[in-house]
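Engineer: Build me a structure from this.
(one chain, ligands or ions: 2)
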Amino acid sequence: MAKAKSIVKSFNRTNPWNGFTHLGSLIATLMFVWSLVRQYRRLLPYQLRVILEKYCQRALPFVNPYVQIRFSELCSENLMCTELYSDIESYLSYHSSTQAKRLKADLLKNSQSKLALSVDSSEEIADEFQGIKLWWACGKTMSSTGSPSLHNKTRYYRLTFHKQHRDLIIGPYLSHVMKEGKAIKVRNRQRKLYTNNGPFWKHVVFEHPANFETLALEAKQKKEILEDLITFSQAEEYYAKIGRAWKRGYLLYGPPGTGKSTMIAAMANLLNYDIYDLELTSVKDNAELRKLLIETTSKSVIVIEDIDCSLDLTGKRKQTKVKQEVEVPKLPKLTRPKYLTDREPKPSQVTLSGLLNFIDGIWSACKGERLIVFTTNHVKKLDPALIRKGRMDKHIELSYCSFEAFKTLAKNYLMLDDHQLFGKIGLLMKQTKMTPAEIAEHLMPKTLPPDPQVCLNSLMQSLEAAVERARLKVGETIIKNTEITAIVEETKEENKGSTGHTGLQIQTALPLAAGEQHDKEPSTKPVVSDD
Ligand SMILES: Nc1ncnc2c1ncn2[C@@H]1O[C@H](COP(=O)(O)OP(=O)(O)OP(=O)(O)O)[C@@H](O)[C@H]1O
Ligand SMILES: [Mg+2]
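Structural biologist: Residues are numbered from 1 along each chain as shown. Ligands and ions are numbered 1, 2, ... in the order given. Below is the predicted model of the structure:
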């Protein structure tokens, strides 16, 4: 600096052209050193690099072609700083793991095995965007709070780039960093399973191993569901363009043990979503339901299992209420003190319209992607308004195990692609119905290492027994039907004898054969109706 001052002085006093020459050569030297520092900074020791950078920047404020932006971890006025800082942190952690020589390693929150790598404070990372080179470094500054009780050092990331790329870096590059950082965070986060205890959510780490590969389903159905889910998860812009909230409803229905809950876990694993398992019966009223649902985060599956059992959502709520009012005798107020009655579990006041409002109204206003999934064993019991398309966009029937689905289970459980018993098992499966859960239980190894023959034999015996039971049931049904037909004929004859014509039309509801549609109630009584 002293040399620069003397050059400026001599420039004023003596020959001006001489001074220009000196000043020019000094600037050229400094710029040369500066460009060397920038280019080979990673080869220099950290301390030397910091000193050189500091002096070069001081000496060349007016010719320095580089711009720097600092992103602090904490800003008192704008809490979004932390969010931005953490986006950059995940972006750099991901890129640094292949480039940086000095990294910090921490265990991921709530994880015993996953490592989170981040850039060490003395390390610098070069990045490239559309052919332009830029550099990231991190550091610490003393916080302005000065409070001894708080961490008084604030971490920051510093981005350096050439000033001619200012617009490109401030605009598209930083949005790219934020978007990718967020996506990396989502990929690496520990997913959670939330359950509600009254009006509050509690959570545990969600680590269900289910996936679509191991799910026993017909290939066509599996492909359709997978495509639907992936299309949904990638359609943020499309949903915005058509003016619809980014949400999708799935109704999974079918007999117990056909994989409804397993499919929900597979969906969450596929899309990297959290699960909110909503227990409607413990929600006091519609206001509490609203509160719970507003608290759910983006990228989540909101599940209401066995929706037909959760509440009376069949549209007959009023009827039931009136009946209850008649049946329950009112006790004098003094019989139970208030502190006791307050603690008694009260029946939920959540109504069908409350639930519908939530699906269509408030929830739609919440930003982010969400799936809502209802499951039921009795789809016919549900109010059509609840499951109409637009609310429950996709209805998926999970039914008894097909031979194709059985082969998936055999591969999962016994590592078998084929076996001599497969043919016979296939034939038996055509004659009876068994759920994947039942089949899986037979395929579960009884010894280690597993003996496929033992497991397949056990399955075959069970299938044969089921076929035999179904045959007997069909026999009983035929006998019963013959009896009913005889009674009907007799009644017809009697009516003819007394009136000369059939004044009543008699319909017979025949009993269902074994394995018929699950939610049809079998009835053996003849239904009589006036014509
Ligand atoms: N389609 C399937 N693919 C693979 N495994 C299945 C399938 N269906 C059932 N299982 C096995 O059976 C067990 C029970 O299945 P799951 O709990 O998903 O049935 P569900 O349809 O939810 O039954 P419920 O109606 O009683 O709730 C699971 O742990 C899983 O191992
Ligand atoms: Mg279930």
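
Engineer: can you count the residues close to Glu227?
Structural biologist: The number of residues packed near Glu227 is 10, by other CB atoms under 10 Å. (Glycine included, C-beta is placed from N, CA and C.)

Engineer: Check what pLDDT it gets.
Structural biologist: Looking at Glu227, its pLDDT stands at 97.

Engineer: Next, it: secondary structure please.
Structural biologist: helix (DSSP: H, G, I helix; E, B strand; the rest coil).

Engineer: before we move on, what about Lys389?
Structural biologist: At Lys389 the chain is in coil, as set by three-state DSSP.

Engineer: ok, it to Asn481 distance?
Structural biologist: 38 Å (CB to CB, to the nearest Å).

Engineer: secondary structure element for the residue in the chain that ligand 2 sits nearest to?
Structural biologist: When scored by CB to the ion, the chain has Ser261 as its residue closest to ligand 2, at 3.3 Å. Ser261 belongs to helix 260-271 when assigned by DSSP states H and E.

Engineer: Go ahead and name everything in contact with the helix or strand just after that helix.
Structural biologist: Following helix 260-271 in sequence order, the next helix or strand is strand 274-277 (DSSP H and E). Residues outside strand 274-277 that contact it (CB atoms under 8 Å, 6 or more residues apart in numbering) are 191-196, 201, 206, 264-265, 268, 296-297, 299-303, 305.

Engineer: Could you list the paired strands of strand 274-277 along with their orientation?
Structural biologist: Applying DSSP bridges, strand 274-277 is found paired with strand 192-197 (parallel), strand 300-304 (parallel).

Engineer: When Lys389 and Asn481 are compared, which one has more neighbours?
Structural biologist: In this view Lys389 and Asn481 are compared by other CB under 10 Å, and Asn481 has more residues nearby, 14 against 10.

Engineer: Can you tell me how far the more buried one is from Glu494?
Structural biologist: Asn481 is 20 Å from Glu494, where distance means CB to CB.

Engineer: do Gly139 as well
Structural biologist: 101 Å.

Engineer: Of these two, which one has the most company?
Structural biologist: When Gly139 and Glu494 are compared for neighbours, Gly139 comes out ahead with 14 against 10, by other CB under 10 Å.

Engineer: ok, that one touching Arg158?
Structural biologist: Yes. The criterion here is CB atoms under 8 Å, and Gly139 meets it with Arg158 at 6.5 Å.

Engineer: Which parts of the stretch 151-300 of the chain are strands?
Structural biologist: 153-162, 192-197, 200-205, 247-253, 274-277, 300-304 (DSSP state E, counting those that start in this stretch).

Engineer: Just want the angle from the third one to strand 192-197.
Structural biologist: Right, strand 200-205. 150 degrees (axes from the mean of the first three to the mean of the last three CA atoms, to 10 degrees).

Engineer: Summarise which helices and strands strand 200-205 is packed against.
Structural biologist: strand 192-197 (3 or more CB pairs under 8 Å, 6 or more residues apart in numbering; DSSP states H and E).

Engineer: again with the longest one
Structural biologist: Helices and strands touching strand 153-162, by 3+ CB pairs under 8 Å, 6+ apart, are strand 66-72, helix 80-99, strand 132-142.

Engineer: relative to strand 66-72, how tilted is the second one?
Structural biologist: Note on geometry: by the same axes, to 10 degrees, helix 80-99 and strand 66-72 are set 120 degrees apart in direction.

Engineer: in helix 80-99, what's buried?
Structural biologist: Using 16 or more other CB atoms under 10 Å as the test for burial, helix 80-99 gives 81, 84-85, 87-96.

Engineer: thinking again about what came up before, using TSV, lay out the strands paired with strand 274-277 together with distance to Phe358 and mean neighbour count.
Structural biologist: As requested, these are arranged in TSV below (distance: least, CB to CB, whole Å; neighbours: other CB atoms under 10 Å):
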stretch	distance to Phe358	mean neighbour count
strand 192-197	14	17
strand 300-304	10	22
